[in-house]
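Engineer: Kindly generate the corresponding structure for this input.
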Amino acid sequence: MPKVVSDTGPLIALASINQFTLLQKLFGKTYIPPAVRSEILDKNTLNAINLSSWIEVLPAKDKIAIQLLKNELDAGESEAIILARELNANLLVLDERAARRKAIALDLPTIGTLGVLLLAKKQTLISTLKPLLDTLIHAGFRMSEELYEQVLQSAGEEK
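Structural biologist: Numbering: from 1, shown residues only. The predicted structure follows:
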C-alpha cells in the first residue's frame, strides 16, 4: 500500500459528502500531522478520524522546516508537507493552490479532493461523480465552472 499523507481540507470535503472512507478504500492507511487533526472543528469529521483505525496521527520531526513553511502556509499544510517529505510519501492529499505549488517544488506527488473522487470513480468505488460534486459545491467547496466541467468530462459524465 502507498504511504499517503492528508491535509485538513480534503478530509473535511470528503466527510461533507459522506465519502470519508474513500481514502481508506483507495490507499489503506492515511497519515495526518497533529495540526491537521486540531484544525478539524467539525464534530462529525473529528469523530470519523477518532474512530478510524486507518488514520494515524504522526508528528513531523523537522520543526525548523515546519516553521519556515508557516511563513507562507497554514500549520496543517506545513506539517503535512514536511511529514510527507519525511515519510517519503507516495502521495500528499491537499487542495490549496499555494500548498500544492510548494509540495510540487519539493517533488512531492499531490492529489486533491477532486482527484480522489476521480480515482474512486475510475476504480468503480463510486458510480457517478456529478451528484457528489454538486453536494461538495453546496457544502462550500470552491471550484470554477471550468474545473467542474473538466472533472465531469474526465469522469466520462455530462453536465
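
Engineer: any idea which helix or strand carries Leu118?
Structural biologist: In the assignment (DSSP states H and E), Leu118 maps to helix 113-122.

Engineer: if we look at that helix, which residues are touching it?
Structural biologist: Contact with helix 113-122 is made by 9-10, 13-14, 19, 22-23, 25-26, 93, 95, 111, 126-129, 132-133, 136, 141, 143, 147, 151, 154-155, as judged by C-beta atoms under 8 Å, 6 or more residues apart in numbering. All C-beta atoms are positioned from the backbone trio N, CA, C, and that covers glycine.

Engineer: Show the subsequent helix or strand relative to it.
Structural biologist: According to DSSP H and E, the helix or strand after helix 113-122 is helix 130-138.

Engineer: what's the average pLDDT for that next one?
Structural biologist: The average of the pLDDT scores along helix 130-138 is 96.

Engineer: between that helix and helix 113-122, how big is the angle?
Structural biologist: Using axes from the mean of the first three to the mean of the last three C-alpha atoms, to 10 degrees, the direction of helix 130-138 lies 160 degrees away from that of helix 113-122.

Engineer: list the helices and strands helix 130-138 packs on?
Structural biologist: Judged by 3 or more C-beta pairs under 8 Å, 6 or more residues apart in numbering; DSSP states H and E, the packing partners of helix 130-138 are helix 8-16, helix 113-122, helix 145-154.

Engineer: ok, now with 6 Å
Structural biologist: Helices and strands touching helix 130-138, by 3 or more C-beta pairs under 6 Å, 6 or more residues apart in numbering; DSSP states H and E: there are none.
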